[in-house]
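Engineer: what would the 3D arrangement of this be:
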Amino acid sequence: MPTTDTASGLAPGSGSGSGFASASVPRHLARGAVGFGALIASFALIPFLGPVTLLLAPVGLIALRGCPMCWAIGLAETVSRGRLRRECGPDSCELKRA
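Structural biologist: Presented below is the predicted three-dimensional model:
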């Protein structure tokens, strides 16, 4: 029978859960601003500074941890952290409010 930690809703020893969430919402939004800003700038500045600006694209992808969708998933997880708790019974698991 699976058990969960009642404080975090995570299985014992599972760590923080997902690798997408950040420690706080402002930190996650700052990562998004840097990531999306670098991606947009890398293409928008090509006519002015040339292909050298494409070096900003990897910076943006690193800030977004790989992809914009991963950042969006992480935002949802960061916002919901502490508000939802997973409870597992003998047959299934459910998400409930903390």
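Engineer: what sits against the residue positioned nearest the centre of the chain?
Structural biologist: Centroid-nearest residue in the chain, with CA atoms, centre = their mean: residue 74, separated by 2.1 Å. Shown in contact with residue 74 (CB atoms under 8 Å, 6 or more residues apart in numbering): 18, 20, 21, 22, 28, 65. From N, CA and C alone the C-beta is placed, and that goes for glycine too.
Engineer: residue 44 versus that one, what's the distance?
Structural biologist: Using CB to CB, to the nearest Å, residue 74 is found at 25 Å from residue 44.
Engineer: follow-up on the earlier one: out of the contacts of residue 74, which is nearest to residue 83?
Structural biologist: Distance to residue 83, by CB to CB, is smallest for residue 21 among these, at 12.4 Å.
Engineer: just the helices in the protein please.
Structural biologist: Ranges of helices in the chain, per DSSP state H, are 25-44, 46-49, 56-63, 68-80.
Engineer: got the angle for the worst-scoring helix or strand of the chain on mean pLDDT vs helix 68-80?
Structural biologist: Counting by mean pLDDT, DSSP states H and E, the chain has its least confident helix or strand at strand 84-88, which shows a mean of 82. Between strand 84-88 and helix 68-80, the angle comes out at 90 degrees (axes from the mean of the first three to the mean of the last three CA atoms, to 10 degrees).
Engineer: oh, and call the first residue 7 from now on, that's how I've got it
Structural biologist: Taking 7 as the first residue, the last one we looked at is strand 90-94.
Engineer: rewinding a little: quick one, which of the helices of the chain is nearest to residue 95?
Structural biologist: It is, among these and with distance given as CB to CB, helix 74-86, at 21.2 Å.
Engineer: quick revisit: any idea how far the residue nearest to the centre of the chain is from residue 55?
Structural biologist: Taking CB to CB, one finds residue 80 at 31 Å from residue 55.
Engineer: ditto for residue 48
Structural biologist: Going from residue 48 to residue 55 by CB to CB gives 10 Å.
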